[in-house]
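K.L.:
Here you go, sequence then predicted model.
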Amino acid sequence: MPEYKWPDANDRDLIGKRISRLDGPVKVTGTAKYAFDINRPGMLFTRTVYCPHAHARITKLDTSEAAKMPGVKAVRIIQNVGTEIQWALDEIVAIAATSEDAAEDAVRAVKVEYEVLPHFVNGEAGEKAPQAKAAQQNVVGDPNGAKAAAAVTSKGYYGIPTISHCCMEAHGQVCEWTDEQHLEAWCTTQSVAGLPAQFAEGTGIPAANVRTHCEYMGGGFGSKFSVDRWGVECAKLAKDAKAPVKWMLEREPELTIAGDRPSAYAEIEVGASQDGTITYWSSKSWGSGGPGGSGSPPMPYVIQPANRRHQHISVPTHMASARAWRAPNHPQACFLTMSAIDDLAAALKMDPLDFFMKNAAITQRAAVYQEELQKGAELIEWKKKWRPRGQNGPGPVKRGLGVSMHTWGGLGHNSNCEVSIFPDGSVEAKLASQDLGTGTRTVIAIVLAETLGLPLNAVKVSIGDSSFPPSGASGGSTTVGGVSASTRRAAQLALEQLLVKVAPDLGVPPEQLEAEKGTIRVKGNPTKSMPWKQAAARVGMTPLTAKGANPGAGKLIDQGVGGIQMAEVSVDTETGIVKMEKMVAVQDCGLIIDLKTAESQCYGALIMGICYALTEEKIIDPVTGRMLNANMEFYKLAGIGDIGELVVHMMTGPEYDKRGVIGLGEPPVISPGAAISNAVANAIGVRVPHLPLTPDRVLAALEKGGMS
Amino acid sequence: MAKDKKAAPPGVSRRDFFRGSAVGALSTGLLSSTVAEGAQTAGAQVLGPGPVPVTLQINGKSHRLQLEPRVTLLDALRNHLDLTGSKKVCDRGTCGACTVLMDGKPVYACAVLAIDAQGKRIETIESLGTPEKLHPIQAAFVEHDAQQCGFCTPGFVVASKAFLDRNPRPTRQQIEKGLGGNLCRCGTYAGIRAALLAVKAGKGGGNA
Ligand code: FES
Ligand code: FES
């Protein structure tokens, strides 16, 4: 058995280098086929009757006219008379027709009547909400005593709204029955290996008869783990119509029902000793993400004051169910906590950088945070630029700086990889994994090529097909650890078999051979070697294959990272407009496989963070319970001109490398809300308590603070 | 959405004006300087509602189709010609994922009817380069990792082509304004900015 570890730093040809993603060329040319792009012969299109009410009972339903419309091939009643609907835009009827327009015409011909029932959509109501569920209060130490003993305390109310995932590729799939008992589906999913069982459950065929594909997918961010009702119903429509059926959500339902990050609000009181050490924390939080309410944000976040208490109240609403959104619960907890302690720093009249540096001592990764804070301060020139709150110049436009820290686990998920070495020297790795745009495909290729001593273009990576060896769902920053470990092991095992076959030719035992620079050679004697192609010919008529599985935490992978971010903003106090000047992200993630795509994860996370800090919010009409901005004009994402300068610094070096691979998708998206909010507070002298920091909120905060 | 219930101060100021706008200050999408107006209204002749013959000049080839007059150029490309590089995201002229060139000008293909695109020279992402032989802009996108999931990318590449044709040596500020009509959810703007600056400098990378 080979020893499973990563090559030493100076033996790495590819790992840790800046490598362009392998699927870049197919993406920039439009040749990459996403589920949305799959066109099968005779394929039908779906349109859906959605419930217009947030809470209602279906009293009448008549699809007979619709069924007779031209082009209509199948009509499925998803929820029938008597059913109580719990959120707006829940699916009632789905229609498959020869074109989207024909299906849309048929949708208009469906007659549905509802008894409208009272709805509740105000997640901010907290305890006052009907059905609010308070969790047990968590207490550590003596919060009351600590409050009394604190030199300074600060109290505030903070809130972060429900937002949508807004994947560019809407949820959905194409389903095709190859016979009565076999289903093939092209899905936009974060879990290509997990979907067959879900389709099977919904359609009553064995999971072994379902094959799912996802070669490319247009964004998930936590919202695409499930087959969803539209997946199962799409399969049923295809069966009824005896034709392939495509069902991709339109933008309005995509924003309304296919993406929901729960809101979070909190009253927080926090206190410190004179030297700035946080000694006291007390918080009550609440929030909602649909009928299930919301999970408890882990508070206080990152810091662990000796005396603390926290209680969470979950508020069920008539909105579609929450879905995991990059780093579930963390951006909320981070915004609430880091805002509150930044306000405490202001009350102490302390520079937040010094204050965060000091309180890094009460986190689990003190040394990492301190090193990162130092690096970040350098990159944003904190000491040169920072001024106390309210002292940021006499003109109407004020500059400000803010900081935040975050953490995440990121342990690799279960993953299996099969590596084949073919007699002609070609090499393939197969995994039922998926590349969400994070660079999974590229990471697998780098590990495979590095292990076999081959150039990147000599290996092939096949993913996105449930018939390959299964890998876990891509969520929680678990993919890079999972697939790099399984690929490393499979490649090492395949190589070990090959070395046994080649050893007699080179006249040494296999243990004395290594794969380097496109050859199999004798360790310490590179002149005694055989080109890869010639060596591979020794496998015989059929390819040599080996399977590897991620062994879990150990030499290859680990978990637990820390990161810090700093933001510089300018705020126009006359208009309330916040403009991003600069953001700095300093992040660790253990051993980096591809520096280029790792940095891209951080850039992307900063930009997503700017979106939810400044503009993103699901605006729900309390009267109708409907989302008012379920389109991309008014569900606002930042554009290329809204992001300012971005700087990403990855922590690298032996101390980080030796931990092995750790996931990176979640951590850098956690801090932006807090860092930007703190920068705005620094600029204008008062806290804008709610995200997003829209002009109206900035102006209201200025007025309330008597600063207008 | 303003939580502020207080009465507005007397007089009208810039601030009062902005108070009314609860949806934020970002300019993206609504104020694109690169995306041309939709097609002109087609006279008084009444067509449809059934399929009518439509001829489209796409990527140098003529295509004769039978389309209902309500079919958009985007749906004609994607659903009738299997040219799926242009993506459908918002389907209402906001995000730029469907950007194509019409007589050299960028348009949102979801906001143009196929019948109105007749007689125009239409170029889609499929006409630009191939994975084996990338256009310099595409090579720069790859080099600067200006794509993650890649779903917005073809639209950005086409919009970039139109932009650089007219502004061969843009500043960062011009890029930020000129590409303001396209949206990306994964957050690839930093890479796109770098890619376009590199193309301008003549070092797009790869097959430039
Ligand atoms: S799909 Fe055409 S602009 Fe969004
Ligand atoms: S790369 Fe995913 S939306 Fe732009």
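P.N.:
Done, it's in. This one's a predicted model, so the numbers in the text were calculated from it and none came from an experiment. Ligands and ions are numbered 1, 2, ... in the order given.
K.L.:
care to break chain B down by domain?
P.N.:
In terms of domains, chain B is parsed into B:52-124, B:136-202 (source: automatic domain parsing).
K.L.:
Give me the neighbour count for whichever residue of the stretch 151-300 of chain A sits closest to chain B.
P.N.:
Taking Cβ to the nearest Cβ, chain B has its nearest neighbour within the stretch 151-300 of chain A at residue A:218, 3.1 Å off. In short, each C-beta sits where N, CA and C put it, glycine included. Neighbour count for residue A:218, taken as other Cβ atoms under 10 Å in any protein chain shown: 28.
K.L.:
Just confirm it contacts residue A:34, I think it does.
P.N.:
Yes - the pair residue A:218 and residue A:34 qualifies as a contact (Cβ atoms under 8 Å) at a distance of 5.4 Å.
K.L.:
returning to what we had before: which element is the residue of the stretch 151-300 of chain A closest to chain B on?
P.N.:
According to DSSP states H and E, residue A:218 maps onto no helix or strand at all.
K.L.:
Excluding chain neighbours, what is closest to it?
P.N.:
If the residues on either side of it in the chain are set aside, residue A:218 comes closest to residue A:169, at 2.4 Å by Cβ to Cβ, 6 or more residues apart in numbering or on different chains.
K.L.:
so how far is ligand 1 from the residue of the stretch 151-300 of chain A closest to chain B?
P.N.:
To ligand 1, residue A:218 is 12 Å away according to Cβ to the nearest ligand atom, to the nearest Å.
K.L.:
And the domains of chain B: which comes nearest ligand 2?
P.N.:
Taking Cβ to the nearest ligand atom, domain B:136-202 is the member of those nearest to ligand 2, at 3.2 Å.
K.L.:
and that closest one, anywhere near ligand 1?
P.N.:
No - counting by Cβ under 6 Å from any ligand atom, ligand 1 is not contacted by domain B:136-202; separation bottoms out at 7.6 Å.
K.L.:
close to ligand 2, is that domain?
P.N.:
Yes - among the residues of domain B:136-202, B:147-153, B:184-186, B:188 lie within reach of ligand 2 under Cβ under 6 Å from any ligand atom.
K.L.:
what distance separates that domain from the centre of its chain?
P.N.:
Mean-position distance between domain B:136-202 and its chain equals 12 Å (Cα atoms, centre = their mean, to the nearest Å).
K.L.:
if we can go back for a sec, so which of the domains of chain B has the densest surroundings on average?
P.N.:
Most buried of the domains of chain B, by mean neighbour count (mean count of other Cβ atoms under 10 Å in any protein chain shown): domain B:136-202, with a mean of 24.
K.L.:
Straight-line length of that one, end to end?
P.N.:
Between the start and the finish of domain B:136-202 there is a gap of 9 Å, counting by Cα to Cα, to the nearest Å.
K.L.:
Residue A:616 and residue A:645: what is the separation?
P.N.:
Separation of residue A:616 from residue A:645 (Cβ to Cβ, to the nearest Å) stands at 21 Å.
K.L.:
Look at the two and report which has more neighbours.
P.N.:
Relative neighbour count places residue A:616 above the other of residue A:616 and residue A:645, with 24 against 14, counting by other Cβ under 10 Å.
K.L.:
Please report how far the nearest residue to that one once chain neighbours are set aside lies from residue A:339.
P.N.:
Leaving out its chain neighbours, the residue that sits closest to residue A:616 by Cβ to Cβ, 6+ apart is residue A:163, at 4.8 Å. Look at residue A:163 and residue A:339: by Cβ to Cβ, they are 17 Å apart.
K.L.:
who has more neighbours, these two?
P.N.:
Taking residue A:163 and residue A:339 together and counting by other Cβ under 10 Å, residue A:339 has the greater number of neighbours (27 against 24).
K.L.:
Go ahead and confirm that one touches residue A:156.
P.N.:
Yes - in this structure, residue A:339 is within contact of residue A:156 by Cβ under 8 Å, at 7.1 Å.
K.L.:
ok, back up a step: surely the residue nearest to residue A:616 is in contact with residue A:619?
P.N.:
No - counting by Cβ under 8 Å, residue A:619 is not a contact partner of residue A:163; they are 10.6 Å apart.
K.L.:
what stretches of chain B score poorly on pLDDT?
P.N.:
Counting by pLDDT under 70, chain B contains low-confidence ranges at B:1-44, B:203-208.
K.L.:
Show me what residue of it gets nearest to chain A.
P.N.:
Counting by Cβ to the nearest Cβ, chain B gets nearest chain A through residue B:85, at 2.2 Å.
K.L.:
give me every residue that touches the residue in chain A that ligand 1 sits nearest to.
P.N.:
Using Cβ to the nearest ligand atom, the closest approach of chain A to ligand 1 is made by residue A:632 at 6.9 Å. The neighbourhood of residue A:632, defined by Cβ atoms under 8 Å, 6 or more residues apart in numbering or on different chains, consists of A:166, A:251, B:29, B:89-90, B:92, B:94-95, B:183.
K.L.:
try 6 Å this time
P.N.:
Residues counted as contacts of residue A:632 (Cβ atoms under 6 Å, 6 or more residues apart in numbering or on different chains) are B:90, B:94-95.
K.L.:
Tell me which helix or strand residue A:233 sits in.
P.N.:
Short version: residue A:233 belongs to helix A:228-241, going by DSSP H and E.
K.L.:
hmm, who's touching that helix?
P.N.:
A:44, A:73-74, A:76, A:78, A:94, A:96, A:173, A:175, A:177, A:183, A:199, A:202-203, A:244-245, A:247.
K.L.:
buried ones in that helix?
P.N.:
By neighbour count on 16 or more other Cβ atoms under 10 Å in any protein chain shown, the buried set for helix A:228-241 is A:228, A:230-239, A:241.
K.L.:
In this structure residue A:214 contacts residue A:432, no?
P.N.:
No - assessed by Cβ atoms under 6 Å, residue A:214 is found out of contact with residue A:432, at 9.3 Å.
K.L.:
so what's in contact with those two at the same time?
P.N.:
Common neighbours of residue A:214 and residue A:432 are listed as residue A:192 (criterion: Cβ under 6 Å, 6+ apart).
K.L.:
Which residue of those two possesses the greater neighbour count?
P.N.:
Summary of the neighbour comparison: residue A:214 and residue A:432, criterion other Cβ under 10 Å, with residue A:214 having more neighbours (29 against 26).
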